[in-house]
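[1] next input, structure requested:
(chains A and B)
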Amino acid sequence: MKNVIRVNNLHKIFTMGEVKVNALRGVDLEINYGEFLAVMGSSGSGKSTLMNLLGCLDQPTDGSYFLDDVDTSKLAKNDFADIRNQKIGFVFQGFNLLPRTNALDNVELPLLYDRHNRIQNSHESALQALETVGLSDRIHHEPNQLSGGQQQRVAIARALVNNPAIILADEPTGNLDSRTSIEVFEVFQALNDSGITIILVTHERDFAKFAKRIVEMKDGVIIKDYLVKDRLFASDLKNNHSDQDDL
Amino acid sequence: MKWNNIIKVAFKGIMKARMRSLLTTLGIIIGVAAVIVMVSIGEGAQADIEDQIRSLGSNMIIIFPGSSRSGGVHRGSGSFNRFTMEDVELLQKEATQIKALSPIVRSGGQVIGGGQNWNTSIYGVAPEYTTIREWKVVTGEFFTDKEVRSRAKVAVLGKEVAKNLFPNQNPVSENIRIRNVPFKVIGVLDEKGQNATGGSNDDLILAPSSTVLNRLSGGRHIHYIYASAVSVEKIGAAQEELASIMRKAHKIKPGEDDDFQIRNQSEITEAASESSKVMTLLLGAVAGVSLIVGGIGIMNIMLVSVTERTREIGIRLSIGARSSDILIQFLIEAIVLSLVGGLIGIFVSLAVIYVLNEFSDLRAIINPTIIFVSFLFAGAVGVFFGFYPARKAASLNPIDALRYE
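    Numbering: from 1, shown residues only, chains lettered A, B, ... in the order given. As a prediction, the model looks like this:
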């Protein structure tokens, strides 16, 4: 199986006035189809920068990034927009849903920008994505009428509505309590089981154990890269939690 | 992105902030309504002025006797009467650009009739005079060429004369005496009101030129000649033709001054309609400024909206919107706002014009062109003032936009 992501010697330098910040100093990484990768590290380690580069939201200062065997350094601005639209789904810490817009319209949003008409019935697809995350009964609710966990699940539905190869999640449970977080990871693990590659940024070691592989970063380089031995499964934990609630 | 989707997104953007959208549009509504109402009032005024001028007589040309010269001394206009019936007949025979021509023989004096007396002006004219001045006879009839040839002692009274001499009866068929010469009244003219110089066009008596020339003025000279060109466009040609016939008739050698003057009313018409055009233009310009101010209002709100929706723009960019999608979305929002404003403005202006025409003395004429133009202009204002905020939105960096608090 081909690598979905191949990154060689990736550098990113931010220039803030006179000061140059080396956010990434030579990252090499390969991610295969169907992986569930957690990127860990303290703040300032460069994990979010790496995430933005992988998500084609930003371009590296140096190094190469092959996505699906396509050299992204040769692409134009509009091509990056199309990649974000077709190959990548984003889940953010702050949910980033459109306010005063119901769940269905929020989920349908990426399909409005689908230039290749890959998906014929956008309405149907949005409903299906909401069903996948278990929110079929909340489609006409606006974000402020939903709980944090529900909002994040709408965001996940939005990320998967265009059938992406990869879902990038930057601290997806940072604003959620632990129980809701487990619900969200349950969704991620189910999606990963269905074949979607998931890359997760987190600084909580407990949550990283939901992934299959962990990459630890420090000062702009990868210091550790290992497979998770004692992997956690959200569906089991959730049952345990409900047991505790019963007590 | 598909066009219907872009438009859908833009409409949703507008509808999500209904109050703000309405307030934004208000500037355009007022601007468009002001332009249409002002220009309509201006055109109404212009039409009023043109009507008034037309009432002076259609395409009228007046030939005055010019200044005579004796030994190098000019003696002023009208100092020497040199028009005769022969001049008139020659003009009638030879002029081709003229549809009617009439000599005017001026007289005046005390008129007695119906037990009353009244001092008024008497004009000896040809039957064509009514055509030239566009005057109508309300009761009775006007005299004919036959009566002119036979020097019949018949008279047509102006409304005011008729009212003064015969307050309670129909003057037609009654006899009057003008400076002791008996005349039979055969008609009364329609009321015409003031003339251009403020005098009355109703305080006069018209009689055949031959009769007045022989019985009242006692000379053989004609005071002026009125003519009517075949059309407005032919006034200049008619004037030149009349001049050349007159020069020939009066044996004026090339290089010598004319002994007559020819004037027409086009100068007055032009001056009057020119000034009302300027007024229309000014009114339109002032209103146009308010339309531009409305556009600035849109730009203002759109800029605020772009800042306020920075996060939304970041979200759209991160899920695959191209910069051009964002540009077009905001541009269409601005255009839709201004076009909807324009549409409402048109309805407001139509209502205002209706009220003006029904309940006030102002006359406003709706010009479909100005409605169309101001609607287009509103759209152009939307494009022009929407472009800067839209470009600002489109140029946002997705990461910065997402981080914006």
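
[2] kindly state the beta-bridge partners for residue A:214.
    In this structure, residue A:214 bridges to residue A:38, residue A:226 when assessed by DSSP bridges.

[3] wouldn't it be in contact with residue A:226 here?
    Yes: in this structure residue A:214 lies within contact range of residue A:226 using C-beta atoms under 8 Å: 5.9 Å. (Glycine included, C-beta is placed from N, CA and C.)

[4] of the two, which one has the most company?
    Ranked by neighbour count (other C-beta atoms under 10 Å in any protein chain shown), residue A:214 and residue A:226 place residue A:214 first, with 19 against 9.

[5] mind listing what that one touches?
    Counting by C-beta atoms under 8 Å, 6 or more residues apart in numbering or on different chains, residue A:214 touches A:37-40, A:208, A:224-228.

[6] ok, it to chain B distance?
    25 Å (C-beta to the nearest C-beta, to the nearest Å).

[7] circling back to that earlier point, out of the contacts of residue A:214, the closest to residue B:156 would be?
    residue A:39 (108.9 Å; C-beta to C-beta).

[8] and that closest one, what's its pLDDT?
    We have a pLDDT of 95 for residue A:39.

[9] pull the contacting residues for it.
    A:47, A:50-51, A:199-202, A:214-215, A:217.

[10] now these in TSV, with secondary structure and pLDDT?
    Formatted as TSV, the contacts of residue A:39 follow (DSSP: H, G, I helix; E, B strand; the rest coil; pLDDT from 0 to 100):
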residue	secondary structure	pLDDT
A:47	helix	91
A:50	helix	93
A:51	helix	92
A:199	strand	95
A:200	strand	94
A:201	strand	93
A:202	strand	90
A:214	strand	95
A:215	strand	95
A:217	strand	94
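
[11] which among the residues you listed gets closest to residue B:313?
    Nearest member of the contacts of residue A:39 to residue B:313, counting by C-beta to C-beta, is residue A:51, at 19.8 Å.

[12] any idea how far the closest one is from residue B:3?
    Per C-beta to C-beta, to the nearest Å, residue A:51 is found 33 Å from residue B:3.

[13] which one of the two is surrounded by more residues?
    Neighbours were counted for residue A:51 and for residue B:3 using other C-beta under 10 Å; residue A:51 has more, 20 against 9.

[14] residue contacts, the more buried one?
    A:39, A:168, A:170, A:199, A:201.

[15] from chain B, how far out is the third one?
    In this case it means residue A:170. For residue A:170 relative to chain B (C-beta to the nearest C-beta), the value is 10 Å.

[16] apart from its chain neighbours, what residue comes closest to that residue?
    Once flanking residues are discounted, residue A:170 sits nearest to residue A:201: 4.7 Å by C-beta to C-beta, 6 or more residues apart in numbering or on different chains.

[17] for chain B, what's the longest strand?
    Ranked by residue count, the top strand of chain B under DSSP state E comes out as strand B:98-113.

[18] tell me the strands beside it, with direction?
    strand B:116-125 (antiparallel), strand B:175-178 (antiparallel), strand B:224-229 (antiparallel).

[19] winner for burial among those?
    strand B:224-229 (a mean of 24; mean count of other C-beta atoms under 10 Å in any protein chain shown).

[20] wait, what's in contact with residue 235?
    You didn't say which chain, so I picked chain A. Each residue near residue A:235 by C-beta under 8 Å, 6+ apart is listed here: A:186, A:189.

[21] oops, wrong one, chain B.
    So residue B:235 contacts B:59, B:61, B:229, B:264, B:266 (C-beta under 8 Å, 6+ apart).

[22] thought the first one was touching residue B:236?
    In other words, residue B:59. No: counting by C-beta under 8 Å, residue B:236 is not a contact partner of residue B:59; they are 10.8 Å apart.

[23] ends of stretch A:13-27, what's the gap?
    13 Å (C-alpha to C-alpha, to the nearest Å).

[24] do whichever strand or helix holds residue B:351 and chain A meet at all?
    Using DSSP states H and E, residue B:351 sits in helix B:323-359. Yes: looking at helix B:323-359 against chain A by C-beta under 8 Å from any C-beta of the partner chain, the contacts come from B:323-325.

[25] and the following helix or strand past that helix, average pLDDT?
    Reading on from helix B:323-359 to the C-terminus, the next helix or strand found by DSSP H and E is helix B:368-394. For helix B:368-394, mean pLDDT rounds to 91.

[26] which other helices and strands contact helix B:368-394?
    Under the contact criterion of 3 or more C-beta pairs under 8 Å, 6 or more residues apart in numbering or on different chains; DSSP states H and E, helix B:368-394 touches helix B:18-54, helix B:266-308, helix B:323-359.

[27] list the buried residues in it.
    The neighbour-count check on helix B:368-394 (16 or more other C-beta atoms under 10 Å in any protein chain shown) flags B:370-371, B:374-375, B:377-379, B:381-382, B:385-387, B:389-390, B:392-394 as buried.

[28] and residue A:130, backbone torsions?
    When read as degrees, to the nearest 10, the backbone of residue A:130 gives phi -70, psi -30.

[29] for residue B:262, give its distance to chain A.
    74 Å.

[30] surely residue A:187 and residue A:154 touch.
    No: using C-beta under 8 Å, residue A:187 is not in contact with residue A:154; the gap is 11.0 Å.

[31] number of residues surrounding the closest residue to chain A within the stretch 151-300 of chain B?
    Per C-beta to the nearest C-beta, the residue of the stretch 151-300 of chain B with the smallest distance to chain A is residue B:298, at 21.3 Å. Residue B:298 has 27 neighbours, counted by other C-beta under 10 Å.

[32] where does it land on pLDDT?
    pLDDT at residue B:298 comes out at 86.

[33] next: residue B:88.
    86.

[34] and for residue B:203?
    For residue B:203, the predicted pLDDT is 88.

[35] and residue A:64, helix, strand or coil?
    At residue A:64 the chain is in strand, as set by DSSP: H, G, I helix; E, B strand; the rest coil.

[36] what about residue A:75, neighbour count?
    So residue A:75, with other C-beta under 10 Å, has 17 neighbours.

[37] okay, residue A:187 and residue A:154: which has more neighbours?
    Using other C-beta under 10 Å as the criterion, residue A:187 and residue A:154 rank with residue A:154 on top: 26 against 21.

[38] so which strand or helix has that one?
    Judged by DSSP H and E, residue A:154 forms part of helix A:148-160.

[39] would you mark the buried spots in that helix?
    For helix A:148-160, by 16+ other C-beta under 10 Å, it's A:149-160.

[40] so what touches that helix?
    With contacts defined as C-beta under 8 Å, 6+ apart, helix A:148-160 is touched by A:89-92, A:95-97, A:103, A:106-107, A:109-110, A:126, A:129-130, A:132-135, A:138, A:141, A:143, A:146, A:167, A:169, A:172-173, A:175-177, A:180, A:183-184, A:187-188, A:191, A:196, B:319.

[41] go ahead and build a ChimeraX selection from the buried members of those.
    Buried subset of the contacts of helix A:148-160, written as a ChimeraX selection, criterion 16+ other C-beta under 10 Å:
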select /A:89,90,91,92,95,96,97,103,106,107,109,110,126,129,130,132,133,135,138,141,143,146,167,169,172,173,175,176,180,183,184,187,188,191,196 /B:319
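
[42] and the contacts of helix A:148-160, which of them are in helices?
    Taking DSSP state H, the ones among the contacts of helix A:148-160 that sit in helices are A:103, A:106-107, A:109-110, A:126, A:129-130, A:132, A:180, A:183-184, A:187-188, A:191.
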